[in-house]
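Student: dropping a prediction and its sequence here:
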Amino acid sequence: SGWGALTSSILQELSHEYERRDVLLFSLRRPEAQTATGDNLLEVIRRDINQGFATSTLPEICSLYVPLTVPPSGQGLPHLRYRPHSDFESSALLAAAVDCVTLPARLAPDGGASSSSRCGPALGGVDLRSLVQLMTGA
């Protein structure tokens with residue numbers, strides 16, 4: 001689709017502009033069941049080449065590269081019923097996963113006004129660098 005090359009050039013520009021910032025990149029992929037059915041061979045080859053290009057170049061540019069896809073229905077999430085071939089339902093699951101993973105970085109660790117509520121300051125807030133280190137095991 002060409003999105004990998006576009007993402008690579010944008011990330012390179014951003015890394016030159018903001019050298020000291022961490023970048024998390026979530027690469028959303030179609031479920032395997034959807035990629036294997038209904039596509040001609042040329043389309044599957046083109047998609048695989050684009051994914052290979054993205055997987056080989058994008059991790060070098062960002063702090064953390066996470067390819068995401070939903071598991072086939074019934075595998076990995078036994079208590080959740082969804083249709084993996086539905087773009088709407090798949091994107092909702094992936095959005096929820098990204099939201100949960102990035103929540104600690106979106107909470108201000110200093111307990112400032114952005115992380116405060118009537119219940120008090122938010123617990124578990126970390127900066128983005130700490131979140132990247134936690135996820136990469138560094």
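Tutor: Now that the structure is in, tell me what you want to look at.
Student: so, low pLDDT: which residues of the protein?
Tutor: Along the chain, the model assigns pLDDT under 70 to residues 1-2, 32-39, 73-74, 108-125, 138.
Student: for it, what spans make up the helices?
Tutor: For the chain, the helices defined by DSSP state H cover 3-17, 32-36, 41-61, 87-106, 128-136.
Student: got those helices as a markdown table, with distance to residue 68 and mean neighbour count columns?
Tutor: In this view, the C-beta of every residue, glycine as well, is placed from N, C-alpha and C. A markdown table is the format used below for these (distance: least, C-beta to C-beta, whole Å; neighbours: other C-beta atoms under 10 Å):
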| stretch | distance to residue 68 | mean neighbour count |
| --- | --- | --- |
| helix 3-17 | 14 | 13 |
| helix 32-36 | 13 | 14 |
| helix 41-61 | 12 | 13 |
| helix 87-106 | 5 | 14 |
| helix 128-136 | 13 | 15 |
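Student: with distance to residue 81 added, can I get those in JSON lines?
Tutor: Converted to JSON lines, these look like this (distance: least, C-beta to C-beta, whole Å):
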{"stretch": "helix 3-17", "distance to residue 81": "30"}
{"stretch": "helix 32-36", "distance to residue 81": "15"}
{"stretch": "helix 41-61", "distance to residue 81": "27"}
{"stretch": "helix 87-106", "distance to residue 81": "10"}
{"stretch": "helix 128-136", "distance to residue 81": "29"}
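Student: out of these, which comes closest to residue 26?
Tutor: Of all the helices of the chain, helix 87-106 sits nearest to residue 26, with 5.4 Å by C-beta to C-beta.
Student: for that closest one, C-alpha coordinates in CSV please.
Tutor: Written as CSV, here are the backbone C-alpha positions of helix 87-106 (Å, rounded to 0.1, in the frame of the first residue of the first chain):
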residue,chain,number,x,y,z
ASP,A,87,-12.5,-3.9,10.2
PHE,A,88,-14.7,-2.1,12.7
GLU,A,89,-14.5,-4.7,15.4
SER,A,90,-10.8,-5.4,14.8
SER,A,91,-9.9,-1.7,15.0
ALA,A,92,-11.9,-1.3,18.2
LEU,A,93,-9.9,-4.1,19.8
LEU,A,94,-6.6,-2.7,18.7
ALA,A,95,-7.6,0.8,19.8
ALA,A,96,-8.4,-0.5,23.2
ALA,A,97,-5.1,-2.3,23.4
VAL,A,98,-3.1,0.8,22.4
ASP,A,99,-5.2,2.9,24.9
CYS,A,100,-4.4,0.6,27.8
VAL,A,101,-0.7,0.3,27.0
THR,A,102,-0.2,4.1,26.7
LEU,A,103,-2.4,5.1,29.7
PRO,A,104,0.5,5.3,32.1
ALA,A,105,2.4,7.7,29.8
ARG,A,106,-0.7,9.9,29.4
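Student: I appreciate the help and will end here.
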